[in-house]
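> make a model of this:
(2 chains)
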Amino acid sequence: MSQPTHRVTEQDLHAYIDGQLDLRRLSEVELYLGNNPSDLRMVHEYRQINRLLQQQQKQALRQPVPENLTKIKAKTTPAYRAWLIKPMRVAATVAWLAIGVTTGWVLNSLDDQQQQLIVRQDFSQQAAFAHAVYTPEKRHPVEVEAKNEQHLFKWLSNRLDNNVKAPPLSNHGYELIGGRLLPGESRPAAQFMYENQMGNRLTLYVRTHVTGQQETLFNFSSHDDINVFYWIDGPVGYALSGTINKPGLLAIATTVYSSLAQ
Amino acid sequence: MEQFNALLIEQIKNLRCYANSLTRNTEHADDLVQDCLEKAVDRQHQWQSGTNLRAWLFTILHNLHVSKIRRINNGPSFVTMEEDEIIDSASSEEENSMNLRDLESAMAALTHEQREIIHLVCVEDMKYEDVADILEIPVGTVMSRLSRARERLRQLMFCHDAPRIRRVK
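Numbering: from 1, shown residues only, chains lettered A, B, ... in the order given. All right, here's what the predicted structure looks like:
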């Protein structure tokens, strides 16, 4: 804002009124105003307008807030993400309905192009994709419910050929709803879904024999409005997905990691 | 997250004032605020805790208003005067005194872009650079708009030669 010359500009006058003037210019502006009565009057009148506006705001802030505004809710159905291919989502739902509880191999019901699309995507994107597909489901968000927890863990561990379980997240307010089986690169993946009292859902996506990845610390990526923390531990890859904010999700991911590391 | 909701609730009053400066209509303003809050909840992960929540919310509200304006194609709310509605200045005290009613009428005569600038700079006390960020315009444009808006208000409220504007319902 400061000019190389000493000429006082209109911008300077506004900045002077709004307290945003470079302090070095302050004395120059005041000197100028002392010698220019019409501009001085203008500044004086602008200041009066400011005072009136602030007075009006003070009065307005005293007004009570209508109650309906304080009941803030998220929209109940998340908007469909741009990259969620509609035919694939429909196929996934139809396939789910057709195959029942004992198998979850959705991949077979999709055509070649769609299958290729899934396997080419990277790990976190697959987790986010699966999160987007299944968390909006109201009646069938999972295949096997948490009440059959032991069966759920046994079944998924069997299919993934590795010990798989969903750690408890009740300390963060999330309860396990259940889980399902999903297509992965060379082997199926597992998805566990959690929900809190406000209806927010998180998913934990687990894959074994994650190809092309080495053991890693926490990675973060964001797909549309879905945040994902993911890490590789031995042959197993984990990804925690949710639409909550990054620090919140990190705290929960840390709990998942610690629980599973035992 | 309840914590985020609590932070949002703290900002509602200022959001309402800002929305009012844009719409000049309490009902429309509250609709705008409601939309803004819903959007904020949906996108809460985009806000970094510790950064300026008000500025973030104001940006959302500004953009919602811009979309609405585009749809409704609302022009500037300029009030024109009928000859017989010109009020002669009475006593010299009335002439020189300003009150909030005059301010209301004068603000109604500005465009919503001008009112917005006035609100953010004069009422919310925001730095010109921050205003530029919220409105997604260059700082130079903020300054020129501010200058025009202020001068317009000044002419309406202080110029005793010009007819006083009366709000037409």
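
> give the bridge partners for residue A:205, please.
Bridge pairing for residue A:205 (DSSP bridges) gives the partners residue A:191, residue A:239.

> which residues touch it?
A:126-127, A:130-131, A:182, A:189-191, A:238-241 (C-beta atoms under 8 Å, 6 or more residues apart in numbering or on different chains). Yep, even glycine has a C-beta here, placed from its N, CA and C like the rest.

> quick one: pLDDT of it?
What the model reports as pLDDT for residue A:205 is 94.

> same question for residue B:21.
91.

> and for residue A:108?
For residue A:108, the model assigns a pLDDT of 48.

> can I assume residue A:249 sits in a strand?
No - assessed with DSSP: H, G, I helix; E, B strand; the rest coil, residue A:249 is helix; it does not lie in a strand.

> does chain A sit close to stretch B:45-55?
Yes - using C-beta under 8 Å from any C-beta of the partner chain, stretch B:45-55 reaches chain A at B:45-47, B:49.

> may I ask which two of those are separated the most?
Using C-beta to C-beta, these span at most 11.3 Å, a distance reached by B:46 and B:49.

> state the distance from residue B:125 to chain A.
Remark: distance between residue B:125 and chain A (C-beta to the nearest C-beta, to the nearest Å) = 8 Å.

> and that residue, its phi and psi?
Residue B:125 adopts backbone torsions of phi 60, psi 30, taken as degrees, to the nearest 10.

> list the residues that contact it.
Counting by C-beta under 8 Å, 6+ apart, residue B:125 touches A:18-19.

> do you know how far residue B:158 is from residue A:41?
Separation of residue B:158 from residue A:41 (C-beta to C-beta, to the nearest Å): 9 Å.

> can you pull out the helices in the stretch 1-150 of chain A?
Here the stretch 1-150 of chain A has its helices, by DSSP state H, counting those that start in this stretch, at A:10-17, A:23-35, A:37-62, A:67-70, A:86-99, A:112-120, A:123-134, A:149-160.

> which of those has the highest mean neighbour count?
Mean neighbour count (mean count of other C-beta atoms under 10 Å in any protein chain shown) peaks for helix A:123-134 among the helices of the stretch 1-150 of chain A, with a mean of 24.

> that helix close to chain B?
No - Helix A:123-134 lies out of reach of chain B by C-beta under 8 Å from any C-beta, never closer than 12.6 Å.

> summarise which helices and strands that helix is packed against.
Contacts defined by 3 or more C-beta pairs under 8 Å, 6 or more residues apart in numbering or on different chains; DSSP states H and E place helix A:123-134 against strand A:189-195, strand A:201-208, strand A:219-223, strand A:226-233, strand A:236-242.

> and those, which one's lowest on average pLDDT?
Least confident of these, judged by mean pLDDT, is strand A:219-223 with a mean of 83.

> do stretch A:34-54 and chain B meet at all?
Yes - Stretch A:34-54 comes into contact with chain B (C-beta under 8 Å from any C-beta), by way of A:42, A:45-46, A:48-50, A:52-54.

> dump the residue contacts of residue 124.
If you meant another chain, say so; for now it's chain A. Counted by C-beta under 8 Å, 6+ apart, residue A:124 has contacts A:219, A:221, A:223, A:228, A:230, A:239.

> please refer instead to chain B.
Listed by C-beta under 8 Å, 6+ apart, the contact set of residue B:124 reads B:14, B:18, B:54, B:58.

> let me know the closest of those to chain A.
Nearest to chain A, judged by C-beta to the nearest C-beta, of those is residue B:14 at 7.5 Å.

> so how far does stretch B:18-36 reach from one end to the other?
12 Å (C-alpha to C-alpha, to the nearest Å).

> assign a three-state SS to residue B:151, would you?
Here residue B:151 is recorded as helix under three-state DSSP.

> just confirm residue A:69 contacts residue B:34, I think it does.
Yes - Residue A:69 lies in contact with residue B:34 (C-beta atoms under 8 Å); the separation is 6.2 Å.

> hang on, the earlier thing: ranking by neighbours, what's the top pick from the contacts of residue B:124?
residue B:18 (29 neighbours; other C-beta atoms under 10 Å in any protein chain shown).

> who's in contact with that residue?
By C-beta under 8 Å, 6+ apart, the residues touching residue B:18 are B:58, B:61, B:119-120, B:124.

> returning to what we had before: so which two of the contacts of residue A:205 are the farthest from each other?
Among the contacts of residue A:205, A:182 and A:240 lie farthest apart (C-beta to C-beta), at 15.3 Å.

> quick check: mean pLDDT of stretch A:53-67?
Averaged across stretch A:53-67, pLDDT comes to 88.

> restricting to C-alpha, output it in PDB.
Extracted in PDB, the C-alpha atoms of stretch A:53-67 (Å, rounded to 0.1, in the frame of the first residue of the first chain):
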ATOM      1  CA  LEU A  53     -22.800   1.200  10.800                       C
ATOM      2  CA  GLN A  54     -21.000  -0.200  13.900                       C
ATOM      3  CA  GLN A  55     -23.800   1.100  16.100                       C
ATOM      4  CA  GLN A  56     -26.300  -0.600  13.900                       C
ATOM      5  CA  GLN A  57     -24.400  -3.900  14.100                       C
ATOM      6  CA  LYS A  58     -24.200  -3.700  17.900                       C
ATOM      7  CA  GLN A  59     -28.000  -3.400  18.000                       C
ATOM      8  CA  ALA A  60     -28.400  -6.300  15.500                       C
ATOM      9  CA  LEU A  61     -26.100  -8.600  17.500                       C
ATOM     10  CA  ARG A  62     -28.300  -8.100  20.500                       C
ATOM     11  CA  GLN A  63     -31.200  -9.700  18.700                       C
ATOM     12  CA  PRO A  64     -31.800 -13.300  19.600                       C
ATOM     13  CA  VAL A  65     -31.100 -16.000  16.900                       C
ATOM     14  CA  PRO A  66     -34.200 -17.900  15.700                       C
ATOM     15  CA  GLU A  67     -34.100 -21.400  17.000                       C
END
